[in-house]
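Asks: Any chance you can model this:
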Amino acid sequence: MKRAMINEAFAKEEEARGDFQEGNDSANTSSETSSTDITNAEAALQYLIVDMEACPFIDNDGVNCIKTLYSDLKELNITLLLAHCQG
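Replies: The predicted model follows:
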């Protein structure tokens, strides 16, 4: 279930990036992703980098959210990296 959600999010990001690079202002109306795209997404997704520059403080709920995200990604062999942490 978690891998499917990550694959879907990754495929949507790639689709949006493709629309932007092509200069297409309209959203792609196709909701289907080919199995080749998902396979490529699985092979390509090794790291998730979260830019923390805009987060000068994280409360307990935020820490728990990051810990849960870390655990979920670790199960999928994806490394979570936090960039621009303050303090």
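Asks: got the residue ranges for the strands in the chain?
Replies: Counting by DSSP state E, the chain has strands at residues 47-51, 79-83.
Asks: So which of these is nearest residue 57?
Replies: strand 79-83 (13.9 Å; C-beta to C-beta). (Glycine included, C-beta is placed from N, CA and C.)
Asks: what does that closest one contact?
Replies: For strand 79-83, contacts defined as C-beta atoms under 8 Å, 6 or more residues apart in numbering pick out 46-53, 66, 69-70, 73-74.
Asks: Quick check on these: which are buried?
Replies: Buried members of these, scored by 16 or more other C-beta atoms under 10 Å, are 48, 73.
Asks: coming back round to it: what would the strands of the chain look like in CSV with distance to residue 59 and mean pLDDT?
Replies: CSV is the format used below for these (distance: least, C-beta to C-beta, whole Å; pLDDT from 0 to 100):
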stretch, distance to residue 59, mean pLDDT
strand 47-51, 16, 96
strand 79-83, 16, 96
